[in-house]
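Asker: can you look at this prediction? I've put the sequence above it.
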Amino acid sequence: MKQATKPQNPFLLSGYVSPEFFCDREMESKKLISALRNGRNITLVSPRRMGKTCLIRHIFHLVGQEGHERCYLVDLYQTDSLSGFVSKLAGTVIGTLDSTGERLLKTIGTFFKSLRPVFTIDPQTGEPGLSIDVQPDFAEQSLAEIFSYMEQSGKKCFLAFDEFQRVAEYDDRNVEALLRSHIQHLTNVHFIFSGSQRHVLENMFTSANRPFYQSTQMVNLDSIGEEAYYQFAVDKLERHRQHIDKTTFGDIYHRLYGHTWYIQVLLNRLYEAEISQIGRADVNGLLHEIVDENEATFQTLLRLITPAQRKVLRAVAAEQEVTEINGKSFISRHKLGAASTVNAVVKSLVEKELLLEHNGCYSVYDRFLSLYLRSNV
């Protein structure tokens, strides 16, 4: 496997490089790897941009170093049908469990009757490639063939479906039941079903009338602990001859709700600025700069929602976190009108991923939007 280039800035905003640039998650990593190796499938849930995809890449990196299991990550975010699902899966898996081209040809002839493999040659590198044509009418058969290919390879496989809640939105009927009917018979393949829409995923895996009912171990991914994050930040900054004290970092952590990606953005900017002694004024200046850069986007977003939705969003931003969002005190304090109206607005904002509900507490999902709303009351 080609080694990733060492990044110039250690505070990554996308992708995964190596454990050196991955913060903590030691307990979560051990839990996920142990569950998979002991035959338990996992449902991994977290708000968007909390770091669940990087966590999957991290544990797959750790597993891959030992060389026993094969690991696959399939992003379902842009899929809208079973055939799209199968196409993504086929493109990720087929050909990876075969050691030679001759073996691959034999495998395709043995397992894949419904797929049309197309062999290609990269014009720049000369490397052979393989693309898979999935016919919608044969998607169910193709899915069965891919799982059979993995099961009969004789190799242990860990397969992660990212943004798995997309499956619930497919027009195809009974996709969940179809997947469950195959997965329950696999002994060499274990799964992570990952996603950011908690209510959708919990309904899929904890409702007695759904096919995946109680078939996985539920894992909710929360914020990285403040102390662990501080130690990670200090280590990277000190190597760059920069220093940040615990109080200043704590201010960053709490103003951004411990939300990984938003903290990474700010640390990335602080590292770039090469400030030797980072203080609160530096943090405030950069946050103001980031919010200003996104002002046009925020204004467009606010124009696309109703006046009632804007009002509730601003009210939540003003209080930062709201536990009793239907409470008389909160509603009257911000003149939001009838409780029934607020209920409907809140439901819509959560569905649009503008409000985040976590353990009964509501906050503005985009942490920089929250800062913008508080500064433009």
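Answerer: Now that the structure is in, tell me what you want to look at.
Asker: where does the protein have low pLDDT?
Answerer: Along the chain, segments meeting pLDDT under 70 span 1-4, 99-112, 114-122, 126-131, 377.
Asker: all strands for it, in order.
Answerer: 42-45, 70-75, 116-121, 128-133, 157-162, 189-195, 217-220, 243-244, 277-278, 355-358, 361-364 (DSSP state E).
Asker: partners of the longest one in the sheet?
Answerer: Pointing back at strand 189-195 there. Note on strand 189-195: by DSSP bridges, its sheet partners are strand 42-45 (parallel), strand 157-162 (parallel).
Asker: next, the buried residues of the first one.
Answerer: Translated: strand 42-45. Residues of strand 42-45 classed as buried by neighbour count (16 or more other CB atoms under 10 Å): 42-45. (Each C-beta comes from the backbone N, C-alpha and C, glycine too.)
Asker: same check on stretch 264-275?
Answerer: 264-271, 275.
Asker: of these, which is the nearest to D137?
Answerer: Proximity of these to D137 was ranked by CB to CB; the top entry is Q264 with 44.2 Å.
Asker: look up how far C23 lies from the closest residue to the closest one other than its chain neighbours.
Answerer: With CB to CB, 6 or more residues apart in numbering as the criterion, Q264 has its nearest non-adjacent residue at 5.1 Å, and that residue is F11. Note on F11: its distance to C23, by CB to CB, to the nearest Å, is 9 Å.
Asker: which non-adjacent residue is nearest E295?
Answerer: Y372 is the one closest to E295 (CB to CB, 6+ apart), at 6.8 Å.
Asker: test my guess that that neighbour contacts T297.
Answerer: No - Y372 lies out of contact with T297 (CB atoms under 8 Å); the separation is 9.6 Å.
Asker: of the two, which one has the most company?
Answerer: Each of Y372 and T297 has its neighbours counted (other CB atoms under 10 Å); Y372 has more, 22 against 13.
Asker: ok, the more buried one to K335 distance?
Answerer: For Y372, the distance to K335 - CB to CB - is 21 Å.
Asker: equivalent analysis for D292, please.
Answerer: From D292 over to K335 (counting by CB to CB), the distance is 29 Å.
Asker: which of these two has more neighbours?
Answerer: D292 (11 against 8).
Asker: follow-up on the earlier one: state the distance from the residue nearest to E295 to D235.
Answerer: 31 Å.
Asker: what do you get for K155?
Answerer: 37 Å.
Asker: equivalent analysis for N220, please.
Answerer: Distance from N220 to D235, by CB to CB: 27 Å.
Asker: and what of L266?
Answerer: From L266 to D235 the distance is 17 Å (CB to CB).
Asker: what does G360 give?
Answerer: Here the distance between G360 and D235 works out to 35 Å (CB to CB).
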